[in-house]
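> test case, fold it:
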Amino acid sequence: MCICFSTRIRRQSRSKFANIPGVTSLPEPRRADGGDAAVLGLPMNQAADRLDGPTGTRLVGLESRVSVAEKSTRALLVEVVRQQTSLSSAMRSLDDERAARRDADNRMRTASDAVNEVAARLEREEQRRRTDDDATKTLIATAQNAEATALAARQEAFKRVDEHSNRYQFFVNTTRILLLDKNIILD
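A predicted model of the protein is given here:
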């Protein structure tokens with residue numbers, strides 16, 4: 001006795017895995033070797049039709065769920081691989097950013113050291129300039145004092161020469177007067 005069921009059209013309902021990429025609805029069952037599903041060597045829809053009512057329906061439902069689980073697992077694995085790739089590129093960019101930040105810190109430290117060195121040189125040059133200015137002022141003051149002393153000495157010398165000249169003149173005049181008084185002519 002053969003129990004045959006009429007061919008049933010299975011309605012595909014909206015999958016609860018519709019949010020996972022690549023899984024949108026219930027797929028057709030597949031064999032382990034990757035071909036179309038077959039039960040007892042027959043295509044899936046005929047195999048389910050040849051099995052008893054509840055067993056065939058349960059088998060089709062089970063195969064559909066297994067297929068959906070496989071697709072969702074595959075989609076999750078694809079997502080995991082994508083996330084790992086994204087994480088790896090993010091880590092690479094983070095490492096690059098850290099290296100760039102480290103290089104920038106080193107450059108800033110080098111620039112800061114150079115600025116500090118220039119500031120120290122400027123401070124030394126400013127101190128040297130102040131010392132030179134003080135020495136120049138001292139030399140100018142010494143030169144002015146020497147010039148004033150020389151001028152005073154010159155004036156003193158002229159004054160003495162004038163005094164000596166006046167004395168000599170006085171002496172000559174006095175001597176002349178005395179000699180004239182005595183009628184002695186000197187020329």
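> C-alpha only now, for contacts and for neighbours.
Fine.
> average pLDDT for stretch 69-86?
Mean pLDDT, stretch 69-86: 94.
> tell me the helices and strands packed up against whichever strand or helix holds residue 155.
Here residue 155 sits within helix 53-181, counting by DSSP states H and E. Using 3 or more C-alpha pairs under 8 Å, 6 or more residues apart in numbering; DSSP states H and E as the contact test, the elements touching helix 53-181 are helix 44-50.
> quick check: mean pLDDT across the helix it packs on?
Rounded mean pLDDT across helix 44-50 is 51.
> stretch 132-152 too?
Computed over stretch 132-152, the average pLDDT equals 94.
> what's the answer for stretch 164-184, then?
79.
> buried ones in it?
Under the neighbour-count criterion of 16 or more other C-alpha atoms under 10 Å, stretch 164-184 has residue 176 buried.
> list the contacts for residue 138?
The contact partners of residue 138, taken as C-alpha atoms under 8 Å, 6 or more residues apart in numbering, number zero.
> from residue 106, how far off is it?
47 Å (C-alpha to C-alpha, to the nearest Å).
> same deal with residue 125?
From residue 125 to residue 106 the distance is 28 Å (C-alpha to C-alpha).
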